[in-house]
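Visitor: sequence below, structure please.
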Amino acid sequence: MNINQAFLFDLDGVILDTESQYDVFWKKTAEKYQLGIENFEQLIKGTTLPNIIAKYFSHLPEEQQKEVETTNRAFDVQLKMYTIPGALEFLAKLKKSGAKMGLVTSSSDEKLEYVFRELPIKQYFDTVVSADRITRGKPDPMCYLLAAKDLDVLPENCYVFEDSFNGIQSGKAAGMKVIGLATTNPAESIQADCIQVIPDFQDPDILLTITTFAV
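Guide: So this is what the prediction gives:
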């Protein structure tokens, strides 16, 4: 394994199969506050909670903005921990190979504490970049550039695993190579911005193809 390369993973939609749960939550939230934005739950995928509130709920009274934040944070720590097929096995395989690995997510530290209690994945990552470490969320490249700096790897030598449009654009804007997961959006809708699109991590041939990137 080339120690000058790194593999960076988004969380929801890449490791965790939780996007359908968030779809229901945000669809109901948009309806409750009468946002009137079509496919709102799809539009915000990959972005941080502070960015969502600032962009879409800032017209509401402060009390209601706080209500959205509090409700979302409570929802985050009640998620059912389903995983993308083959994801845990792939993380273990990469870790065993000696690869540098990072988790780059729009989730808060509070949510990550819950995830790490429920799912034993923290040990796979040499760095974790959460929403609490950044001031500009995806599609801004700040989060991925911070992960590369943490790992002392050049951005062009980083491989990003992403599922959302915002996340994919973040990885690209950072100058990294993006591998798309067709778990949230159809493969044809993201393939132009990715070096490869995969349905999940199950197929042994796909795993072989990905790991050869590090040779």
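Visitor: isn't T29 up against T71?
Guide: Yes: with contacts defined as C-beta atoms under 8 Å, T29 counts as touching T71 at a distance of 7.2 Å. Any C-beta I mention is one placed from the backbone N, CA and C, and that applies to glycine too.
Visitor: the two: which is more packed in?
Guide: Set side by side, T29 and T71 show more neighbours around T29, with 21 against 14, by other C-beta atoms under 10 Å.
Visitor: tell me which helix or strand that one sits in.
Guide: Element membership for T29 (DSSP states H and E) is helix 19-32.
Visitor: could you do E69 as well?
Guide: With DSSP H and E as the test, E69 turns up in helix 62-76.
Visitor: could you do E41 as well?
Guide: helix 40-43.
Visitor: pull the number of nearby residues for V178.
Guide: Residues near V178, counting by other C-beta under 10 Å, number 24.
Visitor: can you check the one 3 residues further on too?
Guide: When neighbours are defined as other C-beta under 10 Å, L181 has 27 of them.
Visitor: residues touching the nearest residue to it once chain neighbours are set aside, list them.
Guide: Closest residue in space to L181, ignoring its immediate chain neighbours: D163 at 4.2 Å, by C-beta to C-beta, 6 or more residues apart in numbering. If you count contacts by C-beta atoms under 8 Å, 6 or more residues apart in numbering, D163 has them with 10, 12-14, 19, 45-46, 180-185.
Visitor: now do 10 Å
Guide: Taking C-beta atoms under 10 Å, 6 or more residues apart in numbering as the criterion, D163 is in contact with 10-15, 19, 45-46, 84, 180-185, 190, 197.
Visitor: show me just the buried residues among those residues.
Guide: For the contacts of D163, a burial check counting by 16 or more other C-beta atoms under 10 Å picks out 10-15, 19, 45-46, 84, 180-185, 190, 197.
Visitor: doesn't K32 make contact with T71?
Guide: Yes: with contact defined as C-beta atoms under 10 Å, T71 reaches K32; the gap is 9.3 Å.
Visitor: re the thing from before, ok, and what's touching the helix holding E41?
Guide: Outside helix 40-43, the residues that reach it (C-beta under 10 Å, 6+ apart) are 19-20, 22-31, 37, 52, 55-56, 164-166, 184-185.
Visitor: if you skip the residues just before and after it, what's nearest to S130?
Guide: Closest residue to S130 apart from its sequence neighbours, by C-beta to C-beta, 6+ apart: D109 at 5.2 Å.
Visitor: how much space between that neighbour and P199?
Guide: Remark: distance between D109 and P199 (C-beta to C-beta, to the nearest Å) = 30 Å.
Visitor: pLDDT at the residue nearest to L181, what is it?
Guide: Confidence at D163, expressed as pLDDT, is 97.
Visitor: phi, psi for it please.
Guide: Dihedral angles of D163 (phi, psi; degrees, to the nearest 10) stand at phi -120, psi -30.
Visitor: buried members of the contacts of helix 40-43 into ChimeraX, please.
Guide: Selecting only the buried entries of these in ChimeraX, with 16+ other C-beta under 10 Å as the criterion:
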select :19,22,23,25,26,29,30,52,56,164,165,166,184,185
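Visitor: which residues outside the helix holding T29 are in contact with it?
Guide: 12-13, 35-46, 52, 56-57, 64, 67-68, 71-72, 75-76, 78-80, 82, 84, 163-164, 183-185.
Visitor: now stretch 190-206: buried residues?
Guide: Buried residues in stretch 190-206 (16+ other C-beta under 10 Å): 190, 194, 197-198, 200-201, 206.
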